[in-house]
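A.B. asks: Structure for the following, please:
(one chain, ligands or ions: 1)
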Amino acid sequence: METADIMIEACELQRMFGKKIAVNGVSFSARRGEIFGLLGPNGAGKTTTIRMLTGQIIPSGGKARVAGFDIVQQQRELKRVIGVVFEDQNLYERLSARLNLEFSCNLYGVPKTRVDEVLDMVKLRDRAKDPIRTFSNGMKQRIMIARALLHQPQVLFLDEPSRGLDPISAREVRQTVKELCQQGMTILLTTHLMEEADQLCQRVAFINNGQIVANDTPRHLKLAHGEHTMIVTLECEANGETALQDRVLSLDSATDQVQLETWMREGVVRAVHSNEASLEEVFIKVAGVRPA
Ligand SMILES: Nc1ncnc2c1ncn2[C@@H]1O[C@H](COP(=O)(O)OP(=O)(O)OP(=O)(O)O)[C@@H](O)[C@H]1O
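C.D. replies: So this is what the prediction gives:
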């Protein structure tokens with residue numbers, strides 16, 4: 001991997017709050033154009049990690065660079081290259097989407113011509129004139145993302161982007177995140193929704209009790225830690241009628257393989273499906289706790 005392609009590099013990051021260790025030696029890296037997911041249950045240390053990487057709090061130990069800038073020594077440069085969306089939706093409800101964004105342009109010295117560009121990026125230009133209070137929560141979230149993109153950051157940080165959203169709104173937000181990634185944006189998001197991470201992220205790190213317990217692509221994690229099973233659909237006779245029944249067999253068990261061969265010989269197998277482990281199952285196995 002070219003060093004220039006590493007957009008986030010965290011090395012042994014640590015953060016104490018009094019005697020409590022919220023983040024305990026976290027190391028990972030994310031490449032340009034990648035969606036990297038930091039996954040873990042409540043209190044795992046996800047938000048604290050993001051707050052350090054975005055220069056909002058100072059680490060108690062360790063180092064990190066974002067887009068090449070040291071998160072402690074080069075905060076001014078850092079702020080120029082990152083966009084951040086935290087959970088609370090602090091938009092002006094009575095103002096239109098456009099005025100909300102123009103207000104931020106004034107604050108950050110960005111030309112107002114940029115507003116239409118970011119509205120296009122989140123596919124809300126047709127709603128530009130409408131007051132925010134008429135927007136769904138998902139649309140509000142996309143306006144927050146648009147606002148974070150005004151100054152053309154290279155790395156976008158999203159803390160629980162679909163928390164509190166209904167499934168349709170959450171899907172819209174995920175679509176926006178995917179499109180931004182396709183345009184080359186590097187995105188670090190936190191989530192406790194394993195399904196969301198599986199759909200979106202090229203790489204994920206599982207975090208629990210302030211420590212990373214696994215870090216890989218969702219596919220590799222599922223292959224390495226998931227159980228290898230298949231679902232066999234059998235045709236059975238019951239009370240003179242034919243019924244279908246699903247049975248789960250382990251791919252790693254010799255006994256189960258013999259069983260499958262027997263069913264095949266008997267001609268009762270209707271279908272065989274591979275049964276991939278979910279990321280949630282892998283998290284529980286690796287971290288020893290539920291992600292949510
Ligand atoms: N300002 C603070 N003062 C004291 N303790 C804190 C502070 N911020 C976070 N913590 C503690 O640090 C730990 C990690 O919190 P953090 O918010 O990073 O977790 P999280 O993974 O983002 O959880 P959630 O999904 O609930 O937001 C928790 O035990 C939390 O109570």
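A.B. asks: what's the neighbour count on the residue nearest to Thr54 when sequence neighbours are not counted?
C.D. replies: Nearest non-adjacent residue to Thr54, counting by CB to CB, 6 or more residues apart in numbering: Val84, 5.0 Å away. Placement of C-beta: from N, CA and C, glycine included. Val84: 21 surrounding residues under other CB atoms under 10 Å.
A.B. asks: how about Val84, phi and psi?
C.D. replies: Backbone geometry at Val84, expressed as degrees, to the nearest 10, gives phi -130, psi 130.
A.B. asks: Tell me who's in contact with it.
C.D. replies: Ile50, Thr54, Ala148, Leu156, Phe157, Asp159 (CB atoms under 8 Å, 6 or more residues apart in numbering).
A.B. asks: could you redo the last one with a cut-off of 10 Å?
C.D. replies: 50-51, 53-56, 144, 147-148, 153, 155-159, 188 (CB atoms under 10 Å, 6 or more residues apart in numbering).
A.B. asks: before we move on, what about Lys140?
C.D. replies: So Lys140 contacts Gln89, Leu91, Glu93, Ala97, Asn100, Leu124, Ile132, Arg133, Leu165, Ser169, Val173 (CB under 10 Å, 6+ apart).
A.B. asks: Closest residue of the stretch 151-292 of the chain to the ligand?
C.D. replies: His192 (5.7 Å; CB to the nearest ligand atom).
A.B. asks: Backbone dihedrals for that residue, please?
C.D. replies: Per degrees, to the nearest 10, the backbone of His192 is at phi -110, psi 10.
A.B. asks: just Ile187 next, same as before
C.D. replies: Taking degrees, to the nearest 10, you get phi -130, psi 130 for the backbone angles of Ile187.
A.B. asks: How about Leu158?
C.D. replies: Residue torsions, per degrees, to the nearest 10, at Leu158 are phi -120, psi 120.
A.B. asks: Is it in contact with Cys181, as I believe?
C.D. replies: No: between Leu158 and Cys181 there is no contact under CB atoms under 10 Å: 11.3 Å.
A.B. asks: So for these two, which residue has more residues nearby?
C.D. replies: Neighbour count, other CB under 10 Å: between Leu158 and Cys181, Leu158 has more, with 27 against 18.
A.B. asks: So the residue nearest to the more buried one when sequence neighbours are not counted, which state does it fall into?
C.D. replies: The shortest distance from Leu158 to any non-neighbouring residue, by CB to CB, 6+ apart, is to Leu189 (4.2 Å). Put simply, Leu189 is strand when judged by DSSP: H, G, I helix; E, B strand; the rest coil.
A.B. asks: re the thing from before, which residue, other than its chain neighbours, is closest to the residue of the stretch 151-292 of the chain closest to the ligand?
C.D. replies: That would be Ala292: by CB to CB, 6+ apart, it lies 4.2 Å from His192.
A.B. asks: Count the residues that sit near the one you found.
C.D. replies: So Ala292, with other CB under 10 Å, has 13 neighbours.
A.B. asks: can you check Gly43 too?
C.D. replies: Neighbour tally, Gly43, other CB under 10 Å: 12.
A.B. asks: Give me the buried subset of the contacts of Val84.
C.D. replies: Buried by 16 or more other CB atoms under 10 Å: 50-51, 53-55, 144, 147-148, 153, 155-159, 188, out of the contacts of Val84.
A.B. asks: Of those, which belong to strands?
C.D. replies: Val155, Leu156, Phe157, Leu158, Asp159, Leu188 (DSSP state E).
A.B. asks: sorry, back to before: and the contacts of Lys140 as JSON lines, adding neighbour count, secondary structure and pLDDT?
C.D. replies: Formatted as JSON lines, the contacts of Lys140 follow (neighbours: other CB atoms under 10 Å; DSSP: H, G, I helix; E, B strand; the rest coil; pLDDT from 0 to 100):
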{"residue": "Gln89", "neighbour count": "15", "secondary structure": "coil", "pLDDT": "69"}
{"residue": "Leu91", "neighbour count": "21", "secondary structure": "coil", "pLDDT": "93"}
{"residue": "Glu93", "neighbour count": "12", "secondary structure": "coil", "pLDDT": "94"}
{"residue": "Ala97", "neighbour count": "28", "secondary structure": "helix", "pLDDT": "97"}
{"residue": "Asn100", "neighbour count": "23", "secondary structure": "helix", "pLDDT": "96"}
{"residue": "Leu124", "neighbour count": "23", "secondary structure": "coil", "pLDDT": "95"}
{"residue": "Ile132", "neighbour count": "19", "secondary structure": "helix", "pLDDT": "96"}
{"residue": "Arg133", "neighbour count": "11", "secondary structure": "helix", "pLDDT": "95"}
{"residue": "Leu165", "neighbour count": "19", "secondary structure": "coil", "pLDDT": "88"}
{"residue": "Ser169", "neighbour count": "19", "secondary structure": "helix", "pLDDT": "89"}
{"residue": "Val173", "neighbour count": "25", "secondary structure": "helix", "pLDDT": "92"}
